[in-house]
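1. Structure, please.
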Amino acid sequence: MTNKNPTTRQDGVVQPQGAVRDEIAAFVSKVGKLARPNAAGDGRLLFAMDATMSRQPTWDMAVSLQAGMFEAIPKDAHLQVQLLYFRGLGECRASKWVADASALARLMSGIACQGGNTQIGRVLAHARDEHQRRRINAMVYVGDAIEEDVDALCAKAGELGLLGLPIFVFQEGRDARVEAAFREFARLTKGAYARFDNSAPGQLAELLRAVAAYASGGSAHLRLQQNGQAKALLAQIEGR
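-> So this is what the prediction gives:
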């Protein structure tokens, strides 16, 4: 179990800018190898966040980036998004599935961090149940710690992998045990892992937008994006 302490951060060592770029490039490459979402209906993206107290020091920056991922999505993208977050003493809430990006951004900005343990198991179980009701094209998870049994979480992630739901896992901080677990979640679901680092907010914002565009309609919508991460993702998908 990895313990969190709001006064002692795990990310005391600043990651070199080049290392962040390398991780993002690897993440984009991995995303580009995923199957295209079903074009017959709206794309669906589940966005899950750890809102416990250890994320407070960088929370405003993180929420800004997370909300900004929808800004570049064209109005005809047909992307539905659900926000899921946990915090406090057993609080784990999910929004309705919405197509209004501005409404979702407002909801994100209204969430405040509260002390409590991680509830990743509940997040994965919710994703499984929602996916079984109607397909989810991609799931994004942003967090910095794990306070649950990792093997049990891997079993749940494996279920999502069998169901065809990839997880894009973003880690804030540099806890090595958390990184190993997050990378395993990504591997089991045929998703991808990247570090959520405030030393490269612009690149991460572009990457989040690229993931949202991909979930909304595959390469057709990525082609409409002008940022560098989207172009790199499109190049991977089309094999150029």
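
2. mind listing what's buried in stretch 175-189?
-> 175, 178-179, 181-182, 184-189 (16 or more other CB atoms under 10 Å). The way it works is simple: take the backbone N, C-alpha and C, and place the C-beta from them, glycine included.

3. and the two most separated of the residues you listed?
-> With distances taken as CB to CB, the most widely separated pair in those is D175 and T189, at 20.6 Å.

4. Take the buried residues of stretch 175-189 and lay them out in CSV including secondary structure and distance to F86.
-> Rendered in CSV, the data for the buried residues of stretch 175-189 read as follows (DSSP: H, G, I helix; E, B strand; the rest coil; distance: CB to CB, whole Å):
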residue, secondary structure, distance to F86
D175, coil, 18
V178, helix, 16
E179, helix, 20
A181, helix, 16
F182, helix, 16
E184, helix, 20
F185, helix, 16
A186, helix, 20
R187, helix, 23
L188, helix, 21
T189, coil, 19
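
5. just curious, which of these is nearest to A67?
-> F182 (22.1 Å).

6. roughly how far apart are the closest one and E147?
-> Distance, F182 to E147, using CB to CB, to the nearest Å: 14 Å.

7. can you give me the strands in the chain?
-> Assigned by DSSP state E, the strands in the chain fall at 43-50, 79-87, 91-94, 138-143, 167-171, 192-195.

8. Which strands and helices lie in contact with the last one?
-> Helices and strands in packing contact with strand 192-195 are listed as helix 17-32, strand 167-171, helix 176-188; criterion 3 or more CB pairs under 8 Å, 6 or more residues apart in numbering; DSSP states H and E.

9. Please save the CA atoms from the last one in PDB.
-> Backbone C-alpha positions of helix 176-188 (Å, rounded to 0.1, in the frame of the first residue of the first chain) are rendered in PDB as follows:
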ATOM      1  CA  ALA A 176       7.800   4.400  -8.100                       C
ATOM      2  CA  ARG A 177       5.300   1.900  -6.700                       C
ATOM      3  CA  VAL A 178       2.300   3.900  -8.000                       C
ATOM      4  CA  GLU A 179       4.000   4.200 -11.400                       C
ATOM      5  CA  ALA A 180       4.500   0.400 -11.600                       C
ATOM      6  CA  ALA A 181       0.800  -0.200 -10.800                       C
ATOM      7  CA  PHE A 182      -0.500   2.500 -13.200                       C
ATOM      8  CA  ARG A 183       1.700   1.100 -16.000                       C
ATOM      9  CA  GLU A 184       0.200  -2.300 -15.300                       C
ATOM     10  CA  PHE A 185      -3.400  -1.000 -15.500                       C
ATOM     11  CA  ALA A 186      -2.500   0.500 -18.900                       C
ATOM     12  CA  ARG A 187      -0.900  -2.700 -20.100                       C
ATOM     13  CA  LEU A 188      -3.800  -4.900 -18.900                       C
END
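
10. which residues are in contact with that helix?
-> Helix 176-188 is contacted from outside by 2, 10, 30, 141, 143-146, 150, 153-154, 157-158, 160-161, 166-169, 171, 191-193, 195, using CB atoms under 8 Å, 6 or more residues apart in numbering.
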